[in-house]
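Undergrad: Model the following, please.
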Amino acid sequence: MAKTTDYETWLSSVDLRGDQDVYDLYSSVNNFEKSGKFYTSKEVTNDGYEYLVHAEGVEDNLHLQSDDAKFTFLEYLKANHTDAADNDIQAWYDMRKELGRID
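TA: Numbering: from 1, shown residues only. Down below sits the predicted model:
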């Protein structure tokens, strides 16, 4: 498996099939855990932390080299794959779920 830091290209190879997949990816990266078809591991480095994101069915892993890279990725995910207000994917997901609009 190869690693990539280009999250735009990596996301284009991930089949995000709706709001649940977007939330699962957010949750996995934010909490460095398995969520849906995503798994994120967190490693300690000399400068802090790095994250490796695996998506089922995708050969390459996304390598987020720092906490800054993690937060930048989450911002990109929010801006390009949700209509979340106030930078809050959790509130966006909760509202969609409450309204029965999770696809």
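Undergrad: any idea where the helices of the chain begin and end?
TA: Assigned by DSSP state H, the helices in the chain fall at 7-13, 19-31, 67-81, 89-98.
Undergrad: Of these, which shows the lowest average pLDDT?
TA: In terms of average pLDDT, helix 89-98 trails the rest of the helices of the chain, at a mean of 85.
Undergrad: Report how many residues lie close to residue 73.
TA: Residues near residue 73, counting by other Cβ atoms under 10 Å, number 22. For glycine as for every other residue, the C-beta is placed from the backbone atoms N, C-alpha and C.
Undergrad: Enumerate every residue touching the closest residue to it other than its chain neighbours.
TA: Here the nearest residue to residue 73 in space, its sequence neighbours aside, is residue 7; by Cβ to Cβ, 6 or more residues apart in numbering that works out to 5.0 Å. Residues near residue 7 by Cβ atoms under 8 Å, 6 or more residues apart in numbering: 62, 64, 73, 76.
Undergrad: ranking those by neighbours, who comes first?
TA: Among these, residue 62 has the most neighbours (other Cβ under 10 Å), with 26 neighbours.
Undergrad: I'd guessed it sits against residue 39; true?
TA: No: using Cβ atoms under 8 Å, residue 62 makes no contact with residue 39, being 11.0 Å away.
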